[in-house]
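Student: take this sequence and fold it.
(chains A and B)
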Amino acid sequence: MAVETMKMMGFIGKNELMNKILRQLVLDGSLHAVNALVRINSSDFKILPTEKNIEALEELPFLKSYSAHRDFSEDEKIITGLMQLFGIEPQVKLEHLLQDYDYDKFIKEILNIDEEIRHTTEEIQERERTIEEKREYISNLSYLKEHQFDMGRLAGMKYLTFRLFKITKENFEKLKKNYENIPAVVMKVGDEGKDVVVAIMTPGTLEETVNKILDSLNYTPLALPDGYGGLAFEVIQELEQKIQEDERSVEELKASLSHYKEKYASSVEMAFSRLQLEKQVEDLKSDAALGKHWFFLFGFVPENRVGELKAQLESSFGDDLIILVDDIAKSGRGITPPTQLRNVKLFKPFELLVKMYGTPAYDEKDPTVFFAITYMLLFGAMFGDVGQGLVMLVAGLILEKVMSDGNFGGILARLGFSSTIFGFLYGSVFGSEDLIPALVIRPMANINTMLVAAVLLGVLLLVASTIWSILNACIQGNIEEGFFGRNGWAGLGFYLVLIYSVIKAALGGNSVSPVSIALMLGFIALMVLKQPLAHKIEGMERLYDESAGSYFMEEGFGVVETLLSTLSNTISFIRVGAFALNHVGLYIAFETVGKMMGSQVGNIAMLILGNVIIIGLEGLVVFIQALRLEYYELFSKFYKGDGIEYRPVKLKGLAHAHRNPFIIIAH
Amino acid sequence: MGNSLVYAAVNTKIRAMEGDFLTAADYKNMLQKHSVPELARYLKDNTHYAEFLKDVDVEKISRRELEEIFRRRIISDLDRLIYYFKRGYKDFVRSLYLKYEIADIKHLARLIFNGSKPQDFSQSLTFIGKYSRLQPEKLFAAASIRDLITSMEGSEFYPFVKPLLDGRRENLFRFEMVLDMGYFSMINQMREKVSGTDYKILQFWEGTVADLYNIQWIYRGKKFYRLLPEELLNYTLEFGEELSFTKRKALCYAANLEEFYELVQSTGYQFLFKKNQTQDIYMERRINRYIYHLLKALNRKYPMTIIQTICYVWFLEYEIKDIFAICESIRYRITPEEARRFLVRAF
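Tutor: Next comes the predicted model:
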């Protein structure tokens, strides 16, 4: 349960080795890059003036950001073209990336392959184009299938022209309403939703006029083939035959490429992997800074990866690469480090829900464990049922296996488990309370106890989250919030006294004791005066950050809000009890309807339907209600979640280097 | 009931915004100016345009920059109004942008046709993509009309321009015509998004405008371009208040101008043709003035309807048009007395 410790690493290397070094960093996959110039200009950046570093130091004032972003789209086009031709699946393989190679030289070879087979590929493309064209002719001719037109004679007419075109229905209406003025024979031959296909015959001398008219109707001409005779369907048959011939010759051409495939397939496959790597490298470069002879690159690396990465790079590049490793600066200075969460398997899926609220800041405590435990607790308490819980547990386990991102299934399984436990405590199986005895309590029989218990649970959770908030404030050395804040010691004291008084009043019916009132007023006073008090303790001259007037105005409202929200936050937990009751109530409703069905079959069917609805609908509602309690009631007390997620540069679709130690032979 | 709820808010807003329109005194003062910078300074010091001119050095301003600045006012005002509408009405009010967007696309097409470079104009064509799903950067990268059409793929305009591409018939004239036809076809569909009284008002209002445009189109096509009657008819707008298809057809097939005038006499639009020397020069202004007064009348007759919003946008457009008319007359040294005859607004 923690936030992974990060180190700031710097890589300063010779420019000519840049690609190779960056390649290795991408393959390692643990560097979260930051902009090099920002890093160099930050106050905690230092580099020792040793002999090894001296050349690099001289470059510092003249660094520029990397701007020549290389475009790989041409390479990509050729490589994907070749892959399609040879039928190679796009897949990144590590084995192609480990060798020492020069990308430009390598890609030249690939271009040569492309050159060599270009003649054939172009012919294939040409054939495919004519096939496409013929298909279009066929679809155009199919409009004329039912008519007894000899296509050859239509095309060969001396004084008349015949054409086929498409216009919208709207425009066809215009044409129709004005038939008497159109110097042509117009025939509607097809209807396609919004469009109409029309055949037209005009005297050649009037063609220009007709063209103008058609233009004003925004027509799309449909091409008809040249040099074919016979009726439309005969022409279609003929064209289909020709298409088959063409397809055969395409196959033959492709077959003729097979020996090229044998020869070059592995190179092309290699090219794809290398291209992907090179693209990542290029992306990484945008964070680098360039000097005349040296480049600078910085980023965060998890502490446990630093040693291995450093050793690996040093063994590969020796003196040509300077590696800096720095501890992260104390909060407030330097660049914000990214957060990588580390949790045991039981709690890991809940990271998803925590991140939905916000990623914890690097110097904040990771609330995942707290969240996971309380969330399971709240869900189980609201939805306690052995049978339904087991259904969710099984569904969750299946989903975890099936889905690529198993987090959701994981959450469902854990919630199901919690629900099962509470099912035993409540003695409920698929809603029925007759099958097993309740280990602790039957909710419906003890309504008041349930509701009071829920509120007490709320009090516990609220106290816990306030303590958490105090711990966070301690880590950050924030006296103002930690001691005097609403979620600090003062707030906690106030809350406890308030709860104590309420309980005492409820049990004994006595009025609140003057001591309690004095204590509460005292805590409120501390909260109102939090800023001046804190500044006094810290020995600062100014007591207020802004003007005293506006400070007290704000804090005055703050107190009112504290009073209101303290109570409402606590009462809010009553829903935990309410939903536990609701769960039973919903079942009773279905049970009653089931009995009214009259037959045994109907009764069972109704109970099954009821259970499905309860799992689906109520499960979802409870899921959301519990989440709401977590986010709104608890997280708002202690959790900021304004961190940056750890996103290392890495190659997608590749198993990562931590598990594949390897050596790259340096130049 | 629902209407008064919606329009109570938006009309109050419009009333307030109308307060920013130029007054008759402003027009009179502007006509007295001797240069564009002087005019710009007047607008900056005395009118609501100050807000848009505040970061501008009026001494160096060109007419084009001024135009650009004022067009921004249309956008900012319309955006404020759109906020008040919901669902279908929102779409309808947004479609008021369509006119300007199409004008910008046509302008761009002309620039591309004349071989201008993107950096010369990408600043000024602000309406592109304002209503539609067009991506301006893509359009600006086009080097020919054909490119331009391809770059419009995926937008609302594409179905209208695509046939040009398929038939390899693309040219400037057809491109513009097709867009215009597309505009009116889209406007026709937009009307379906409003209901009840609003629908009836729109039908009357848009129908009247369509009539005016149709007459102007047929007249010009006959007199200047000598288009075929079939072409003329096919390019007329498919809706109208007074001019039914039969009437439009008769106008298109009129044997000569005399016969055309004769036919127009029987419609309510005979005022467009005074049959004197200035008839063609003032036709545009006559149409605009007619629309202006029609809008005013509708505005009074139907409070709490969509017409107030339309009115605001059109009046704003006319105001800007008039400012540029004044600009032009200053540049061509036309006397104030003569210049005011070119303005839409009479004062």
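Student: tell me where the stretch 1-150 of chain A has strands.
Tutor: A:2-3, A:6-14, A:32-34, A:64-65 (DSSP state E, counting those that start in this stretch).
Student: and if you look at chain A?
Tutor: Here chain A has its strands, by DSSP state E, at A:2-3, A:6-14, A:32-34, A:64-65, A:160-168, A:185-192, A:195-203, A:220-222, A:289-290, A:294-302, A:321-327, A:338-339, A:341-342, A:644-645.
Student: any chance of those in TSV, with mean neighbour count, mean pLDDT and distance to chain B too?
Tutor: Using the backbone N, CA and C atoms, a C-beta is placed for each residue, glycine as well. Formatted as TSV, the strands of chain A follow (neighbours: other C-beta atoms under 10 Å in any protein chain shown; pLDDT from 0 to 100; distance: least, C-beta to the nearest C-beta, whole Å):
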stretch	mean neighbour count	mean pLDDT	distance to chain B
strand A:2-3	17	78	41
strand A:6-14	23	89	36
strand A:32-34	21	90	28
strand A:64-65	12	84	24
strand A:160-168	19	88	8
strand A:185-192	13	86	12
strand A:195-203	20	89	10
strand A:220-222	18	86	4
strand A:289-290	22	88	29
strand A:294-302	24	91	31
strand A:321-327	17	87	41
strand A:338-339	22	90	32
strand A:341-342	18	87	39
strand A:644-645	14	88	30
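Student: thinking again about what came up before, dump the strands of the stretch 1-150 of chain A to TSV, plus distance to A:Ile200.
Tutor: Converted to TSV, the strands of the stretch 1-150 of chain A look like this (distance: least, C-beta to C-beta, whole Å):
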stretch	distance to A:Ile200
strand A:2-3	75
strand A:6-14	72
strand A:32-34	65
strand A:64-65	63
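Student: report how many residues lie close to A:Glu4.
Tutor: 18 (other C-beta atoms under 10 Å in any protein chain shown).
Student: now B:Phe204
Tutor: There are 15 residues near B:Phe204, going by other C-beta under 10 Å.
Student: ok, A:Leu651 next?
Tutor: By other C-beta under 10 Å, 21 other residues sit near A:Leu651.
Student: my read is that it contacts A:Leu25, right?
Tutor: No: with contact defined as C-beta atoms under 8 Å, A:Leu651 does not count as touching A:Leu25 (10.8 Å).
Student: which of the strands of the stretch 1-150 of chain A sits closest to A:Ile499?
Tutor: strand A:2-3 (31.8 Å; C-beta to C-beta).
Student: shaky segments in the stretch 201-347 of chain B?
Tutor: Within the stretch 201-347 of chain B, the ranges that satisfy pLDDT under 70 run B:277.
Student: quick one, phi/psi of whatever residue of it ends up closest to chain A?
Tutor: At 3.8 Å from chain A, B:Asn234 is the closest residue in the stretch 201-347 of chain B, using C-beta to the nearest C-beta. B:Asn234 adopts backbone torsions of phi -60, psi -30, taken as degrees, to the nearest 10.
Student: my read: it touches A:Glu173, true?
Tutor: No: with contact defined as C-beta under 8 Å, B:Asn234 and A:Glu173 do not form a contacting pair (10.7 Å).
Student: with neighbour numbers in mind, choose between those two.
Tutor: B:Asn234 (23 against 14).
Student: name the nearest residue to the more buried one, sequence neighbours excluded.
Tutor: Counting by C-beta to C-beta, 6 or more residues apart in numbering or on different chains, A:Ser216 is the residue found nearest to B:Asn234 once chain neighbours are left out, at 3.8 Å.
Student: how many neighbours does the one you found have?
Tutor: Around A:Ser216 there are 24 residues (other C-beta under 10 Å).
Student: just the pLDDT for it.
Tutor: Note on A:Ser216: pLDDT of 84.
Student: and A:Gly509, by the same measure?
Tutor: 69.
Student: cool, and A:Asp405?
Tutor: pLDDT, read off for A:Asp405, is 78.
Student: from A:Glu351, how far out is it?
Tutor: Separation of A:Asp405 from A:Glu351 (C-beta to C-beta, to the nearest Å): 12 Å.
Student: what does A:Asp545 give?
Tutor: 35 Å.
Student: who's more crowded, these two?
Tutor: The neighbour count for A:Asp545 versus A:Glu351, taken as other C-beta under 10 Å, is higher for A:Glu351 (21 against 11).
Student: quote the end-to-end distance of stretch A:442-450.
Tutor: 9 Å (C-alpha to C-alpha, to the nearest Å).
Student: now swap in stretch A:565-578 and tell me
Tutor: First-to-last residue span, stretch A:565-578, C-alpha to C-alpha: 20 Å.
Student: list the buried ones in that stretch?
Tutor: In terms of neighbour count (16 or more other C-beta atoms under 10 Å in any protein chain shown), stretch A:565-578 has its buried residues at A:566, A:569-570, A:572-573, A:575-578.
Student: which parts of the stretch 51-200 of chain B sit against chain A?
Tutor: Counting by C-beta under 8 Å from any C-beta of the partner chain, the stretch 51-200 of chain B comes close to chain A at B:160, B:162-164, B:166-167, B:169, B:174, B:177-178, B:181, B:185.
Student: which one of these sits in the busiest neighbourhood?
Tutor: With neighbours defined as other C-beta under 10 Å, the most crowded of these is B:Pro163; it has 25 neighbours.
Student: what's the burial count for A:Val402?
Tutor: With other C-beta under 10 Å as criterion, A:Val402 counts 9.
Student: tell me the contacts of it?
Tutor: If you count contacts by C-beta atoms under 8 Å, 6 or more residues apart in numbering or on different chains, A:Val402 has them with A:Gly409.
Student: next one: the one 5 residues further on
Tutor: For A:Asn407, the residues meeting the contact criterion (C-beta under 8 Å, 6+ apart) are A:348-349, A:351-352.
Student: one more: A:Leu63?
Tutor: A:36-37, A:40, A:289-291, A:296.
Student: kindly report the same for A:Phe45.
Tutor: Contacts for A:Phe45 (C-beta under 8 Å, 6+ apart) come out as A:Arg39.
Student: how much space separates it from B:Thr267?
Tutor: Distance of A:Phe45 to B:Thr267, given as C-beta to C-beta: 81 Å.
Student: repeat for B:Gln32
Tutor: Distance, B:Gln32 to B:Thr267, by C-beta to C-beta: 40 Å.
Student: picking up where we left off before, verify the stated contact: the residue nearest to B:Asn234 with B:Gly221.
Tutor: No: the criterion here is C-beta under 8 Å, and A:Ser216 misses it with B:Gly221 at 10.6 Å.
Student: now the phi/psi pair for the spatially most central residue of chain B, please.
Tutor: Nearest residue to the geometric centre of chain B (C-alpha atoms, centre = their mean): B:Lys99, 5.8 Å. Phi and psi for B:Lys99, reported as degrees, to the nearest 10, are phi -60, psi -50.
Student: next one, pLDDT for it please.
Tutor: Taking B:Lys99 on its own, its pLDDT is 86.
Student: for A:Gly389, what are its contacts?
Tutor: Applying C-beta under 8 Å, 6+ apart, we find A:Gly389 in contact with A:380, A:383, A:416-423.
Student: list just the nearest of those residues to A:Gly229.
Tutor: A:Gly416 (73.8 Å).
Student: give me the neighbour count for the closest one.
Tutor: Neighbour tally, A:Gly416, other C-beta under 10 Å: 26.
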